[in-house]
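[1] The amino acid sequence is not available; the structure is as follows:
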DNA sequence: AAGTAATCCTATAGAATTAATATGTTTTAG
DNA sequence: CTAAAACATATTAATTCTATAGGATTACTT
């Protein structure tokens, strides 16, 4: 399952994308409007700022806002940062590759080969979905309609 | 990431599928040949027996063996039992559906709609892969060859 | 019937991770 | 100068995960 941190990060980003022309947004506004725990969210936003996904303005009148266009922020990136590798086993991870301790025959491991496929399709979807698309998906009426965003 | 329990369960099953005509197999044999911690594996095998995935024979000359044909045991089942739901968020889980606490608008949630797609393709692969296929995949020489097992 | 080899069963320890809160520091507009 | 805001780090509490321990039960062999 996705960690709360990852989910909250995505929620906050989607919100920031929706109000992106209104200048800096207060942590408190994001937390309240999205029903997220304020201090926990604070950490998450800070981390995204350090990763240059967000920018911030300190002091009175300050807040957070997107560092780049919603079209340039991929869901995959956020999930990796806050939830860890997409791969279900380390031996098919691109960002955190590692052989399994108990591995007897890397080349012929069936688990690895299947999990490689799972990772690939997952990455295709998540890396292929931008914040901009997420906003559009939320604007579409039915699940069926939103499906056309996938290849 | 997949839990060790899930990985060990799969390893044990693949091994049992490979030697399936040789009668009951000792826990110790499985553990040693697959480099799995013996007592931990014991729990896992017992659980699979209670789920009717394995059968066992107690006492001298006893051991574990598959309760059904490798063609009838799907990877998805094992992952669900030992790792939990395939879904990354509870609101797209078939086996453990639950709305998110912080959910504001279920019908229009972009995260949910994308994660639904991820769950669906993952389930398609894992539920579409049987133990028998895993054994065949391990017998094929290149990763490319083994790819034809996927739809 | 005894002995032994095996699974069965449950408890528990220890480590790691996660979610969240707490507390204070720094920056900046007015 | 003050108040409002982000910045930064430490700590807690709960949960989960991996693994081990120790005995209870079952059944084959002699």
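    Looks like it came in fine. What you see is a predicted model; the values in this text were computed from it and never measured. Numbers count the residues shown, from 1 in each chain, chains lettered A, B, ... in the order given.

[2] Okay, now the unreliable bits of chain A?
    Along chain A, the parts satisfying pLDDT under 70 run over A:151.

[3] List, one by one, the residues from it near DNA strand C.
    Contact residues, chain A versus DNA strand C (Cβ under 7 Å from any atom of the strand): A:3-5, A:8, A:37-40, A:42-43, A:57-62, A:84. From N, CA and C alone the C-beta is placed, and that goes for glycine too.

[4] Tell me how far the host helix or strand of residue A:6 lies from the chain's centre.
    Using DSSP states H and E, residue A:6 sits in helix A:4-18. Centroid separation for helix A:4-18 versus its chain: 8 Å, with Cα atoms, centre = their mean, to the nearest Å.

[5] That one near DNA strand D at all?
    No: for helix A:4-18, no contact with DNA strand D is found by Cβ under 7 Å from any atom of the strand; the gap never falls below 11.2 Å.

[6] helices or strands up against that helix?
    Applying 3 or more Cβ pairs under 8 Å, 6 or more residues apart in numbering or on different chains; DSSP states H and E, we find helix A:4-18 packed against helix A:27-34, helix A:38-50, strand A:63-66, helix A:75-83, helix A:131-139, helix B:110-127.

[7] can you redo those as JSON lines with mean neighbour count and distance to residue A:148?
    Below are the helices and strands packed on helix A:4-18 laid out as JSON lines (neighbours: other Cβ atoms under 10 Å in any protein chain shown; distance: least, Cβ to Cβ, whole Å):
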{"stretch": "helix A:27-34", "mean neighbour count": "16", "distance to residue A:148": "26"}
{"stretch": "helix A:38-50", "mean neighbour count": "16", "distance to residue A:148": "29"}
{"stretch": "strand A:63-66", "mean neighbour count": "20", "distance to residue A:148": "25"}
{"stretch": "helix A:75-83", "mean neighbour count": "20", "distance to residue A:148": "17"}
{"stretch": "helix A:131-139", "mean neighbour count": "19", "distance to residue A:148": "10"}
{"stretch": "helix B:110-127", "mean neighbour count": "21", "distance to residue A:148": "11"}
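
[8] Give the buried subset of the residues of chain A next to DNA strand C as a PyMOL selection command.
    Applying 16 or more other Cβ atoms under 10 Å in any protein chain shown to those, the buried members can be selected in PyMOL as follows:
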select buried, chain A and resi 4+5+8+42
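
[9] and residue A:9, what does it touch?
    Contact analysis of residue A:9 by Cβ atoms under 8 Å, 6 or more residues apart in numbering or on different chains lists A:44, A:48, A:78, A:81-82.

[10] For DNA strand C, what is the nearest residue in chain A?
    Residue nearest to DNA strand C within chain A: residue A:59 (2.4 Å; Cβ to the nearest atom of the strand).

[11] can you count the residues close to the residue lying closest to residue A:81 once chain neighbours are set aside?
    Distances taken as Cβ to Cβ, 6 or more residues apart in numbering or on different chains place residue A:51 nearest to residue A:81, at 6.5 Å, with adjacent residues excluded. If you count neighbours by other Cβ atoms under 10 Å in any protein chain shown, residue A:51 ends up with 12.

[12] what does residue A:52 give?
    Around residue A:52 there are 9 other residues, counting by other Cβ under 10 Å.

[13] measure the residue nearest to residue A:90 when sequence neighbours are not counted to DNA strand D for me?
    Computed as Cβ to Cβ, 6+ apart, the closest residue to residue A:90 that is not its neighbour in sequence is residue A:98, at 4.0 Å. Here residue A:98 is placed at a distance of 14 Å from DNA strand D (Cβ to the nearest atom of the strand, to the nearest Å).
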